[in-house]
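**Q** sharing a model that was predicted from the sequence below.
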Amino acid sequence: MSILHYLFPILEWSKSYSLKSFQSDTMAGLTLASLSIPQSIGYANLAKLDPQYGLYTSAVPPLLYAVMGTSRDIAIGPVAIVSLLLSSMVQKIADPAIDPALYRKMIFTVTFLTGVFQFAFGLFRLGFLVDFLSHAAITGFMGGAAIVIGLQQLKGLLGLSHFTSNTDVVSVTKAVWVSVHEPWHPENFFIGCSFFLFILGMRFIGRKNKLFWVSAIAPVLSVVLSTLIVYMTRADNRGVKIIQNVDAGINSSSVKQINLNGPYVIECAKIALIFAVIALTEAIAVGRSFSVINGYKLDGNKEMIAMGFMNVGGSLSSCYVATGSFSRTAVNFTAGCKTAVSNVVMAAIVMVTLEVLTKLLFYTPVSILASIILSALPGLINVHEVCILWKVDKMDFLTCMGSFLGVLFGSVEIGLSVAIGVSFFKVIVHSIRPQVVILGRVQGTNIFCNFKQYPMVCQTPVVLTTRIDTSFLCFINANFIRERITELVTQNLQEIRSVVLDMSNVVDIDTAGLAALEELNGELVSRGIQMAIANPGWKFVHKMKLARLVDRIGESWIFLTVGEAVEACLGNKKGVDLDC
């Protein structure tokens, strides 16, 4: 029974579910649906799929997540970043313009494998893989992708028939320049821009008057009004591009379209692994943000299992990769949702739309979808956060700008690669060159602090007290640390008689680290300097004993605190017995 409760959290919280909560969730679900339906159609267009596939992705995955997810607030469905990335990567395997059937098969196969990877991450507790995308990398990646998505919407906004499949800013700019010199219909641009301003205006009114529903209904209201305008004026006969047919009916089965034996399965698996990490990163970041506000705990591993199950189930019912959307989650939260039932209500409304309302979308202008997507993009560009990165950590800023420029001038894949690469580089640099700081005593106490951080502390005469700021003393940094301490000793050679190494930050050590300490001890002894070790962890001491390094340094020169080590060096006292 406990396994069932672990896999299906709904079994736990449904026991205390009340009518009042259902009323709140129903209102939130209705509000969410008014935003999700037009956005889903637009995101399907971004993924180079027919409109109904976006609606499918807003129907089945939210239902599955409601059963298995742990977040009360997150809104599940298609998102802009995933839609763009999916089309840009999968179209290298199958061109949607030449062979749309093969393209859909690849999409469903990638979605299925994405779910499998996500489920495996949760099952084997591999959540640390998500952390390889740092906050700075995500900020840059999202900002670059938002601009690329915006440029891609120029096709719909200008009513262009032919457009580049590349996502970099240079290719898109060239495509626009070539297209505007050919015959085009400015009515598309006028409709798109008018309703773009209408959506922004509604959003401003909603925020100013604290009426969340005003901004939430703006997209669906734009679709209704623009469709009526085109239908009544028959603007489609004067060059306004319209959606035309949207297949009616709820999700059809796509089981037979998932191909795990074909020639492209390896490529699909590579793409799916990327999507598994990106989709989880976005969903967990969104879920954690709102769980902190509401004061409940989000279980990362359960979320991975839920997301995996959701995408596997979605791939079998004509859905592409779904995840948590920050903008829709914010609407869901503001609308007063209490549980994941709001996702169920939204999914039910989407299904009703698929069954009875798709024919009404025939005259919906394509440019309105572009304006809806454009209106959602400002939230992805966080200039304030970039400024903070510049002030706080230049390496984080470099990571952010690397991923941003990679997406903008290369491709989404290049931007992602740069983001991960720079993040790894940062970790490696910090691991290779950890700080070795000089400590001084706070006068009248046994407290020792960083001399550079607290200049008022007193450095002990004839004793060089240092702290190694790394958790793992290993082959990557051992020689650097040994050379750095030797350098500090050489600078004050005539004054120093003892060196104290504060190991409070060192959790573990490998054989290279032990060898470096042994070499350092040998160098110091040859100069007539005694080495003492303070505050070592049990694992550190245990490995020193196994390597017989304790015998070489002397057990009497290993201490519990820095103060004891310094006093011993000054008075040549013995240390404590090592019982580990």
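**A** Happy to help now that I have it.
**Q** only C-alpha atoms from now on, for both contacts and neighbour counts.
**A** Fine.
**Q** so where's the stretch 151-300 of the chain uncertain?
**A** Scanning the stretch 151-300 of the chain for pLDDT under 70 picks out 165, 180, 182.
**Q** whoops, I mixed them up, the chain
**A** For the chain, the stretches with pLDDT under 70 are 1, 165, 180, 182, 572-580.
**Q** what about 50?
**A** 1, 573-580 (pLDDT under 50).
**Q** domain boundaries for it, per the record?
**A** The chain breaks down into these domains under automatic domain parsing: 20-374+383-427, 434-571.
**Q** could you dump the ones you listed into a markdown table and include distance to His5?
**A** Putting the domains of the chain into a markdown table (distance: least, Cα to Cα, whole Å) gives the following:
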| stretch | distance to His5 |
| --- | --- |
| domain 20-374+383-427 | 9 |
| domain 434-571 | 36 |
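**Q** quickly compare those and say which is most buried.
**A** Neighbour counts (mean count of other Cα atoms under 10 Å) averaged over each of the domains of the chain peak at domain 20-374+383-427, with a mean of 21.
**Q** okay, stretch 304-316 in CSV with CA atoms only?
**A** Once side chains and other backbone atoms are set aside, the C-alpha atoms of stretch 304-316 remain, and they are given as CSV (Å, rounded to 0.1, in the frame of the first residue of the first chain):
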residue,chain,number,x,y,z
MET,A,304,10.6,12.8,-12.3
ILE,A,305,8.6,9.6,-12.1
ALA,A,306,5.4,11.5,-12.7
MET,A,307,6.8,13.5,-15.6
GLY,A,308,8.2,10.3,-17.1
PHE,A,309,4.9,8.4,-16.8
MET,A,310,3.1,11.5,-18.2
ASN,A,311,5.2,11.7,-21.3
VAL,A,312,5.2,8.0,-22.0
GLY,A,313,1.4,8.0,-21.7
GLY,A,314,1.2,11.2,-23.8
SER,A,315,3.4,9.7,-26.6
LEU,A,316,0.9,6.8,-26.9
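**Q** tell me the gap between it and the middle of its chain.
**A** Computed by Cα atoms, centre = their mean, to the nearest Å, the chain-centroid distance of stretch 304-316 equals 18 Å.
**Q** repeat that for stretch 25-43.
**A** Centre to centre, stretch against its chain (Cα atoms, centre = their mean), the figure for stretch 25-43 is 23 Å.
**Q** how about stretch 286-299?
**A** In this view, stretch 286-299 has its centroid 15 Å away from the chain centroid, taken as Cα atoms, centre = their mean.
**Q** quick one: contacts of it?
**A** Contact partners of stretch 286-299, identified using Cα atoms under 8 Å, 6 or more residues apart in numbering, comprise Thr70, Ser71, Arg72, Asp73, Ile74, Gly324, Ser325, Phe326, Thr329, Phe333.
**Q** quick check on the fifth one: phi, psi?
**A** Summarising the backbone geometry of Ile74 under the convention degrees, to the nearest 10, its torsions are phi -60, psi 140.
**Q** any idea how far the residue nearest to it when sequence neighbours are not counted lies from Gly143?
**A** Leaving aside its sequence neighbours, Ile74 sits nearest to Thr329 (Cα to Cα, 6 or more residues apart in numbering; 4.9 Å). For Thr329, the distance to Gly143 under the criterion Cα to Cα, to the nearest Å works out to 19 Å.
**Q** so where's the longest helix in this structure?
**A** The longest helix of the chain (DSSP state H) is helix 265-294.
**Q** quick one on the thing from earlier: ok, which of the domains of the chain comes nearest Trp13?
**A** Comparing the domains of the chain against Trp13 with Cα to Cα, the closest turns out to be domain 20-374+383-427 (8.7 Å).
**Q** which of the three states applies to Ala532?
**A** Per DSSP: H, G, I helix; E, B strand; the rest coil, the secondary structure class of Ala532 is strand.
**Q** oh, I was asking about Ser371
**A** The three-state label given to Ser371 by three-state DSSP is helix.
**Q** so it makes contact with Phe190?
**A** No. At 10.8 Å, Ser371 does not count as touching Phe190 under the criterion of Cα atoms under 8 Å.
**Q** how about the strands in this structure?
**A** In the chain, the segments counted as strands under DSSP state E are 75-77, 323-325, 435-441, 448-450, 463-469, 472-473, 498-502, 508-509, 530-534, 558-559.
**Q** out of those, flag the one nearest Asp131.
**A** When those are ranked by proximity to Asp131, the top entry is strand 323-325, at 17.0 Å, counting by Cα to Cα.
**Q** quick one: strands adjacent to that closest one?
**A** Strands adjacent to strand 323-325 in the sheet, as given by DSSP bridges, are strand 75-77 (antiparallel).
**Q** list the contacts of the strand it pairs with.
**A** Applying Cα under 8 Å, 6+ apart, the contact partners of strand 75-77 are 36, 40, 57-59, 61-62, 65, 322-326, 328-329, 332, 343.
**Q** off-centre distance for that strand?
**A** 16 Å.
**Q** the chain should start at 55 in everything you say after this.
**A** From this message on, residue numbering opens at 55, which makes the last subject strand 129-131.
**Q** roughly how far apart are Lys209 and Ile587?
**A** Distance, Lys209 to Ile587, by Cα to Cα: 67 Å.
**Q** hmm, I was thinking of Leu518
**A** Plainly put, Leu518 is 12 Å away from Ile587 if you go by Cα to Cα.
**Q** what do the two both touch?
**A** When contacts are counted by Cα under 8 Å, 6+ apart, Leu518 and Ile587 are jointly contacted by Val554.
**Q** now do the contacts for Val476.
**A** The contact partners of Val476, by Cα under 8 Å, 6+ apart, come to Leu452, Thr453, Gly456.
**Q** one more time with 10 Å, if that's ok
**A** Val476 makes contacts with Leu187, Ser188, Ala191, Met449, Asp450, Leu452, Thr453, Cys454, Gly456, Ser457, Ile482, as judged by Cα atoms under 10 Å, 6 or more residues apart in numbering.
**Q** so how far is Gly456 from it?
**A** When distances are taken as Cα to Cα, Val476 and Gly456 turn out to be 8 Å apart.
**Q** what touches both of those two?
**A** Ala191, Asp450.
**Q** hey, where'd the helices end up in the stretch 55-204 of the chain?
**A** Secondary structure of the stretch 55-204 of the chain (DSSP state H, counting those that start in this stretch): helices at 56-61, 64-67, 73-100, 105-111, 114-122, 134-144, 154-177, 189-206.
**Q** among those, which comes closest to Gln298?
**A** Taking Cα to Cα, helix 105-111 is the member of these nearest to Gln298, at 9.9 Å.
**Q** and that closest one, what does it pack onto?
**A** Helices and strands touching helix 105-111, as assessed by 3 or more Cα pairs under 10 Å, 6 or more residues apart in numbering; DSSP states H and E, comprise helix 73-100, strand 129-131, helix 354-369, helix 395-406.
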